[in-house]
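Q: kindly return the folded structure for what I paste below:
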Amino acid sequence: MPATEHSDDERERCVTGIDAIDHILNGGVPRGNTVLISGSVGTGKTSICIEFLVRGALNGENSLYLSVTEPTDKLLMNVIPFDFFDDKLVRQGKLQFVDLPKIYDKLGIDKEDLDFDQTRLLADTIAGIVEEQKIRRLVLDSVQERIRDFLLRLGTVLSAKGCTTLLVSEIRSSEDGYSQWGVEEALADGVIVTGNLERRGDLLRTLQIVKMRGTTHSRAKYVLDLTTSGVLLVPLLKGGSVASGG
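A: Residues are numbered from 1 along each chain as shown. Below is the predicted model of the structure:
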């Protein structure tokens, strides 16, 4: 896969542990970046995020998954059973899963109608959890309508704590742009887009890194394969072929 050399004065990297993505990004996501993972249903967004957290936890970085819409016990039942997943990561608190509605209830927040003060309160509460639990990797699945104030606040405080964050946004395949509400991609430091591509009768998952502040990177489109060994990428060649290798 093509990669561009990067200078020695670039920022510290958060090595995702997904080898192909780290290669495309010339060493990983710049530490502290907030990255939007955007795509239609069934394109691998959640699997990418789970692997990102598990790889981090295995490498000694405390990791947190915040679920907005789907209970985490159901989520874990449906996600690909990675060979490298170890239950002790959860027991030891290195890999944590929290249902965000429980935080809403604790704070007395109406999730259907967040005002400015409530978005700041929610962002500061999440930042407090990150600091208390020494979280270095965070996934928020998925982002909500009252997004601008929330993302600005959350991104600023988490970046200052050195926490690298993935935000999941589901969009319909027919939509323009990279996010549900139209502002996430402008506020995020990076945008990774997943999709479906019909080719020769098969429906292929694809991945493309559209934007990543703090590093040079390939903007090519790759075929994404979800396996028990983790996320694999191969180049999507022009003319209808998929290159061999991973």
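
Q: going by C-alpha atoms from here, please, whenever you check contacts or count neighbours.
A: Will do.

Q: and T156, how far is that from K134?
A: 17 Å (Cα to Cα, to the nearest Å).

Q: could you do L203 as well?
A: 40 Å.

Q: between those two, which has more neighbouring residues?
A: K134 (17 against 11; other Cα atoms under 10 Å).

Q: what is the burial count for the nearest residue to that one once chain neighbours are set aside?
A: Nearest residue to K134, sequence neighbours excluded (Cα to Cα, 6 or more residues apart in numbering): N62, at 6.4 Å. Counted by other Cα under 10 Å, the residues lying close to N62 total 24.

Q: then the one 3 residues further on?
A: Y65 has 22 neighbours, counted by other Cα under 10 Å.

Q: if it is in a bridge, with which residues?
A: F97, V139 (DSSP bridges).

Q: contact partners for it?
A: Residues near Y65 by Cα atoms under 8 Å, 6 or more residues apart in numbering: I50, L53, L95, Q96, F97, V98, L138, V139, L140, D141.

Q: for R11, same thing?
A: Per Cα under 8 Å, 6+ apart, neighbours of R11: P30, R31, G214.

Q: return the helix or strand in this protein with minimum mean pLDDT.
A: The weakest-scoring helix or strand in the chain, judged by mean pLDDT, DSSP states H and E, is helix 184-187 (a mean of 64).

Q: now do the residue sitting nearest the centre point of the chain against S159, distance only.
A: Residue closest to the average C-alpha location in the chain (Cα atoms, centre = their mean): L166, at 3.1 Å. Note on L166: its distance to S159, by Cα to Cα, is 12 Å.

Q: same question, I37
A: When distance is defined by Cα to Cα, I37 is 17 Å away from S159.
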